[in-house]
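In: The sequence isn't on hand, but the structure is:
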């Protein structure tokens, strides 16, 4: 019998680390990729089936620290350059996770109010706990 050959994922082919987290009861997941920013743009264009967009045109002054990519109809993709080591890098990762939670709320049609605050904070904790590279 021939040994099974595992096919590389798109992230692996681009030299990125990829981690996915299901958001539990919601039929929604969040993806985190770690590695080179330019390679992450290739991954996001592939993931969002979007060869035309110039993702770099939306870059802001602080993009090298982290980013949450989103396209309606697709799940959010969080990019960070490396596993967080400093307090600032951990804060940036949490910041990007909060963007992903906002996309979850938009997808689910949930308003951001005091009544949904616990759902938001538990979603945030779930992402940070399970998506940390």
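Out: Perfect, I can see it now. Just so we're clear, the structure is a prediction, and the values are computed from it rather than from any experiment.

In: Just the helices from the chain, written as ranges.
Out: All helices of the chain, identified by DSSP state H, fall at 10-13, 37-47, 87-108, 117-131.

In: Any chance of those helices in TSV with distance to residue 68 as columns?
Out: Where you see a C-beta, it was placed from the backbone N, CA and C, and this is true even at glycine. Below are those laid out as TSV (distance: least, CB to CB, whole Å):
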stretch	distance to residue 68
helix 10-13	16
helix 37-47	10
helix 87-108	4
helix 117-131	11
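
In: Any idea which of those gets closest to residue 27?
Out: Across the helices of the chain, residue 27 has its closest neighbour in helix 87-108 (9.2 Å, CB to CB).

In: Remind me what that closest one packs against, helices and strands.
Out: Helix 87-108 sits against strand 29-34, strand 67-69, strand 77-80, helix 117-131, with contacts defined as 3 or more CB pairs under 8 Å, 6 or more residues apart in numbering; DSSP states H and E.

In: Export these to CSV and append columns for mean neighbour count, mean pLDDT and distance to residue 95.
Out: CSV is the format used below for the helices and strands packed on helix 87-108 (neighbours: other CB atoms under 10 Å; pLDDT from 0 to 100; distance: least, CB to CB, whole Å):
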stretch, mean neighbour count, mean pLDDT, distance to residue 95
strand 29-34, 22, 97, 13
strand 67-69, 24, 93, 8
strand 77-80, 24, 96, 10
helix 117-131, 15, 95, 10
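
In: Go through those and name the closest to residue 47.
Out: Of the helices and strands packed on helix 87-108, the one closest to residue 47 (CB to CB) turns out to be strand 77-80, at 6.0 Å.

In: follow-up on the earlier one: tell me which of the helices and strands packed on helix 87-108 lies nearest to residue 45.
Out: Nearest of these to residue 45, taken as CB to CB: strand 67-69 at 9.4 Å.
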